[in-house]
Structures are given as structure tokens and as C-alpha cells.
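Student: Pasted the sequence and its predicted model underneath.
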Amino acid sequence: MQDGPTCANCGIVIRWQPTRVGAKVYCCSGCAEGGPCRCDYDNLPTPGEILALVRQQVRGLLDA
């Protein structure tokens, strides 16, 4: 059973505040850029976590 949205790039079930680009949902900025995933699978946020995993400016993500 799935407990949250699924990352559009790597497929992990996201149980924290996702990264959104348009209508797509990603687990991290790495996946939002097309990979590789930057999640630390040994230290994932708890379901109640609302902060982003990484705060950074992502260049080119919305340039099209």
C-alpha cells in the first residue's frame, strides 16, 4: 500500500514535502533535474517533515 506520492524519476514513495515542477512530483532536486537521485536512503525525513531535503537554487529546471 502506498502512503504518499511517487517520485516521477526514481519511483520512491515520498513521505515528506516533495519537490514540484509543473504537474510532476519528485523526491529531491536531483530527480527534478533528471537524476541522479540525491536522497540519503539511510536518513530519509519522517512523514511529518515539512522542510526540503536540500535548499538550493536549481538552474535550468524551468528553462525550456
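Tutor: All right, it came through fine.
Student: all strands for this structure, in order.
Tutor: Here the chain has its strands, by DSSP state E, at 19-21, 24-26.
Student: Direction included, what does the last one pair up with?
Tutor: Put plainly, it is strand 24-26. Paired strands of strand 24-26, with direction, are strand 19-21 (antiparallel) (DSSP bridges).
Student: about what we covered before: please identify the most buried of the strands of the chain.
Tutor: Ranked by mean neighbour count under mean count of other C-beta atoms under 10 Å, the strands of the chain are led by strand 24-26, which reaches a mean of 19. Every C-beta, even on glycine, is put in place using the N, C-alpha and C of the backbone.
Student: Give me the neighbour count for residue 39.
Tutor: Using other C-beta atoms under 10 Å, residue 39 is surrounded by 20 other residues.
Student: follow-up on the earlier one: with mean pLDDT and distance to residue 33 added, can I get the strands of the chain in CSV?
Tutor: Below are the strands of the chain laid out as CSV (pLDDT from 0 to 100; distance: least, C-beta to C-beta, whole Å):
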stretch, mean pLDDT, distance to residue 33
strand 19-21, 89, 9
strand 24-26, 94, 9
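Student: could I get those strands as JSON lines with distance to residue 42?
Tutor: Shown next, in JSON lines, are these (distance: least, C-beta to C-beta, whole Å):
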{"stretch": "strand 19-21", "distance to residue 42": "20"}
{"stretch": "strand 24-26", "distance to residue 42": "20"}
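Student: To residue 3, which of those strands lies closest?
Tutor: strand 24-26 (13.9 Å; C-beta to C-beta).
Student: Give me the residues contacting the closest one.
Tutor: The contact list for strand 24-26, computed with C-beta atoms under 8 Å, 6 or more residues apart in numbering, reads 5-9, 14, 18-20, 32.
Student: at 6 Å instead, please
Tutor: 5, 7-9, 18-19, 32 (C-beta atoms under 6 Å, 6 or more residues apart in numbering).
Student: among these, who's most crowded?
Tutor: residue 19 (23 neighbours).
Student: quick one: that residue and residue 35, what's the gap?
Tutor: Per C-beta to C-beta, to the nearest Å, residue 19 is found 13 Å from residue 35.
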